[in-house]
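Visitor: how would this look folded up:
(chains A and B)
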Amino acid sequence: MEFQFQLFGPLLIHTLSYWWVIIPSIFLGLIVGAIPGFSAANTIIILLPFTLVMDIEVGLIFMVALYCSSRMGAGIPAILVNIPGTAGAAATPLDGYPMTQAGRGQQALAMSFVASSFGGLMTTIIALLAMPLLAQVGYYMHSVEMIVVMLFGISLIASIAARDTHKGLIAGFLGLMIGSIGTDVVYATPRGTLGFLELYDGVPLIPALVGLFAVSEAFLVIEQKSILSKKGLDAAPSVGWSATLEGCTIALSRWWHITWNSIIGLIIGVIPGAGASIASFVAYQQSRTYSKTPELYGTGHPEGLIAPEAANNGVTSGTLIPLLILGIPGGATAAVMLVVMQYQGVTLGPTLFQLNPELGYGVFMAMAVTYFFMILTILPLARFMTRVTMVSTVYLAPCIIAFTLIGSFVPRVYMFDMWLGLAFGIIGYIARKTGYHVAAILIGVILGPLLETYFLRALKMSDGDIMVLFSSNLGNVLWLALFATFLVPAGIQFKKNRRLDESREAPNG
Amino acid sequence: MTEKQNSNTPDKRSIGGDMVIPVVALGFTLYYFSTIIDSPWTAQVSAFFIGTILIVLAAVFIFKSVAKVRLGEAGFGFSKLFSKADITSGRLSLFIVTVLYILLIEWGGFTLTTFGFLFSGMLVLSKGRDKGFIALLSAGLSLVGYGLFIIVFETRLPHGPFEWLMALVL
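Guide: Got it, this is the predicted structure:
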């Protein structure tokens, strides 16, 4: 595949001329991303009749803009009211919500917008330049390598457990156990379904997300007048535009953090089947591992917010690479895009860039332009969005319950899923009240079934030989990296303790 | 200290609430094992691995908790989970209203039931104040929901009298 750099300039100007499609799509994407249950893929499917009759260029720009902005939209309720819009934003409230509670919601939103836009923009440029190379990643990532990638995400449970190891581990393993509900991937034997047919496909993610985060949160916050802490309430009236600017500065000063976390997202996004949820957990865990202040994570630390937001936007560009180069969709939204492109007679694969380069490169150009417009349009809104945190819980709590439970109904249209959302709400409420971390449960629910699938696949291919887990070079490198994530924090802590001891001894000596 | 503060500060010695999650985990894992005991190994391998660890973790937690109680360091109270605040704050009533919401939405349809839920939920939490404002707000929100989810996104939300009527009008 040869690059046609001469195309980039005119293509950029041409894409900018579609601002009238991009800007409304951004707002639509922000809305569907922010409501649990309404994903970009669902919206594109709903709007498929319109998309199919649109000009292919307009249709693609619309879908790309919607896709990118929905990722960013999912982070907004995660930061403001502790409700991730999608599973991809499940790591965002870990540090985003404590910032809001402390009255720094506007700053947190600005940080998230900058991390998402710059992370997305950067990975779009990288994807554009390294497309052929990145397309190969999927070929090297087999079950064994994927098991290690999953373990990177799951190891976040251990970090969460650091505050109360025993309770953290119980929560994480309970999540993994809940994630194992459903039929097994090889013989479709029903397991732990409590007799419900609706659980044969496994535990649906949206009711779990809605229940553990939103419903439990709504039942907890009614004890207070506002979701803000006393300090946050005192500070809120005096917060002005400067908080947005401050948030931008904090995020931009961590440009390197945005870069490497968005690259983590890009690489994970390229792997078919992996997604934003894995990327955001892995990024959060990596960020915490190599941080000089890991103890601040979970208390409203900017890097804990920037890492998952940059990563889940990096995934967006990643998922489109196998779609365009190999014709393999890397996720649900990419699969819907594939349908639209095929309907319009576009052949995907390497020939796309030779026969129809404007379209091939145009997708990434649309993405870059979307991120550019996104930061311009959404950043000024941060101040107004944070007003939601000032709303009394008398009005907020019933709204959260009603609209998120409806969100859990939407993906499968089962009444059962609303009950499931409530059941997870009760589990989440008990967990929060008694000091078990709901994020640890959710990580287990999301990553558990994926880990089992890859694990069984690896075992089946090796006739049950467990040593298959150490049979590939790339896999072994990843295993070493995984061990490093456990050893590095221990090393840093050891160094810190030694320095502390030395400084204590110094005045005496 | 006020009554509200009292109700929000659970007795630190009550560890009954802390044991709910491990007991649920233990019970669920044992039930899960019972469903896979005769299954092929592919259905068992990861569940047995995860489940065994969970059983050990939960059992150790329960054992430690019981030991604390026997030593007189703690009691089996549930004050962390249940307190007078659950009734005074309207939490229990809101929970009942939520259960009714899910029960009735299939027949009442999205818009009417959501209006009923928002109105009664907010009324319970506000302790009966601002009825007019709450009625207007609930009506506005459920109509916005109807417009966004049913009209714009064409989501298959439960239909009831309001949706059928609007379908005839529009």
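
Visitor: for chain A, what is the nearest residue in chain B?
Guide: The shortest separation between chain B and chain A is 3.2 Å, found at B:Gly121 (distances taken as Cβ to the nearest Cβ). All C-beta spots, glycine's among them, are computed from the backbone N, C-alpha and C.

Visitor: that residue against A:Ile400, yeah?
Guide: No: applying Cβ atoms under 8 Å as the test, B:Gly121 and A:Ile400 come out as separate, 10.1 Å apart.

Visitor: neighbour count winner among those two?
Guide: Ranked by neighbour count (other Cβ atoms under 10 Å in any protein chain shown), B:Gly121 and A:Ile400 place B:Gly121 first, with 27 against 24.

Visitor: count the neighbours of the residue nearest to A:Gly105 when sequence neighbours are not counted for me.
Guide: For A:Gly105, ignoring the flanking residues on the chain, the nearest one in space by Cβ to Cβ, 6 or more residues apart in numbering or on different chains is A:Thr386 at 4.2 Å. In terms of burial, A:Thr386 registers 26 neighbours under the definition other Cβ under 10 Å.

Visitor: now A:Val137: how far from A:Pro322?
Guide: Here the criterion is Cβ to Cβ, to the nearest Å. By it, A:Val137 lies 9 Å from A:Pro322.

Visitor: in terms of neighbours, single out the busier of these two.
Guide: When A:Val137 and A:Pro322 are compared on other Cβ under 10 Å, the one with more neighbours turns out to be A:Pro322, at 24 against 18.

Visitor: continuing past the lowest-mean-pLDDT helix or strand in chain B, what's the next helix or strand?
Guide: With mean pLDDT, DSSP states H and E as the measure, the helix or strand of chain B carrying the lowest mean pLDDT is helix B:3-8 (a mean of 41). Tracing the chain C-terminally past helix B:3-8 and defining elements by DSSP states H and E, one meets helix B:20-36 next.

Visitor: so for that next one, mean pLDDT?
Guide: Here helix B:20-36 scores 94 as its mean pLDDT.

Visitor: and for stretch A:188-198?
Guide: According to the model, stretch A:188-198 has a mean pLDDT of 90.

Visitor: just the CA atoms of that stretch, as CSV, please.
Guide: Extracted C-alpha coordinates of stretch A:188-198, given in CSV (Å, rounded to 0.1, in the frame of the first residue of the first chain):
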residue,chain,number,x,y,z
ALA,A,188,-23.3,-24.3,25.1
THR,A,189,-23.9,-25.9,28.5
PRO,A,190,-26.0,-23.5,30.6
ARG,A,191,-24.2,-22.5,33.8
GLY,A,192,-25.4,-20.6,36.9
THR,A,193,-28.4,-19.0,35.0
LEU,A,194,-30.8,-19.4,37.9
GLY,A,195,-33.2,-20.9,35.4
PHE,A,196,-33.5,-17.6,33.4
LEU,A,197,-33.4,-18.1,29.6
GLU,A,198,-32.4,-14.4,29.3
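
Visitor: is any residue of that stretch near chain B?
Guide: Yes: contact of stretch A:188-198 with chain B is found when judged by Cβ under 8 Å from any Cβ of the partner chain, involving A:189-194.

Visitor: report the buried residues of that stretch.
Guide: Using 16 or more other Cβ atoms under 10 Å in any protein chain shown as the burial criterion, the residues of stretch A:188-198 that qualify are A:189-193.

Visitor: quick one: the most centrally placed residue in chain A from chain B, how far?
Guide: Chain A has A:Gly88 as the residue nearest its centroid, 2.5 Å off, counting by Cα atoms, centre = their mean. Counting by Cβ to the nearest Cβ, to the nearest Å, the separation of A:Gly88 from chain B is 20 Å.

Visitor: any weak-confidence spans in chain B?
Guide: Across chain B, residues meeting the criterion (pLDDT under 70) sit at B:1-12.

Visitor: care to break it down by domain?
Guide: As assigned by automatic domain parsing, chain B contains the domains B:8-70, B:85-169.

Visitor: for chain A, same thing?
Guide: Split by automatic domain parsing, chain A gives A:5-471, A:472-509.

Visitor: tell me the mean pLDDT over the shortest one?
Guide: Mean pLDDT, taken over the full extent of domain A:472-509, equals 78.

Visitor: cool, and stretch A:69-89?
Guide: With pLDDT averaged residue by residue, stretch A:69-89 scores 87.

Visitor: turn the domains of chain B into a markdown table, columns for distance to A:Ile26.
Guide: Listed next are those as a markdown table, based on distance: least, Cβ to Cβ, whole Å:
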| stretch | distance to A:Ile26 |
| --- | --- |
| domain B:8-70 | 41 |
| domain B:85-169 | 16 |
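
Visitor: quick one: name the residues of the stretch 351-500 of chain A near chain B.
Guide: Within the stretch 351-500 of chain A, the positions near chain B by Cβ under 8 Å from any Cβ are A:393-395, A:397-399, A:401-403, A:405-406, A:409-410, A:413, A:415, A:418-419, A:422, A:427, A:430-431, A:433-436, A:448, A:451-452, A:455-456, A:459-460, A:464.

Visitor: which residues does the residue nearest to A:Tyr140 when sequence neighbours are not counted contact?
Guide: By the measure of Cβ to Cβ, 6+ apart, the closest residue to A:Tyr140 outside its immediate chain neighbours is A:Leu474, 5.6 Å from it. By Cβ atoms under 8 Å, 6 or more residues apart in numbering or on different chains, the contact set of A:Leu474 is A:140-141, A:145.

Visitor: by neighbour count, which of these wins?
Guide: For the contacts of A:Leu474, neighbours were counted using other Cβ under 10 Å, and A:Met141 has the most, 24 neighbours in all.

Visitor: quick one, phi psi at that residue?
Guide: The phi/psi pair for A:Met141 (degrees, to the nearest 10) reads phi -90, psi 90.

Visitor: so how many other residues sit close to the closest residue to it other than its chain neighbours?
Guide: In space, not counting the residues next to it along the chain, A:Met141 is nearest to A:Ile271; the distance is 4.8 Å by Cβ to Cβ, 6+ apart. The criterion is other Cβ under 10 Å. On that basis, A:Ile271 has 22 neighbouring residues.

Visitor: quickly find the element holding the residue most central in space within chain B.
Guide: A centroid search over chain B (Cα atoms, centre = their mean) returns B:Phe95, at 7.2 Å, as the residue closest to the centre. Using DSSP H and E, B:Phe95 sits in helix B:91-108.

Visitor: tell me the helix or strand right after that helix.
Guide: Helix B:91-108 is succeeded, C-terminally, by helix B:110-125 (DSSP H and E).
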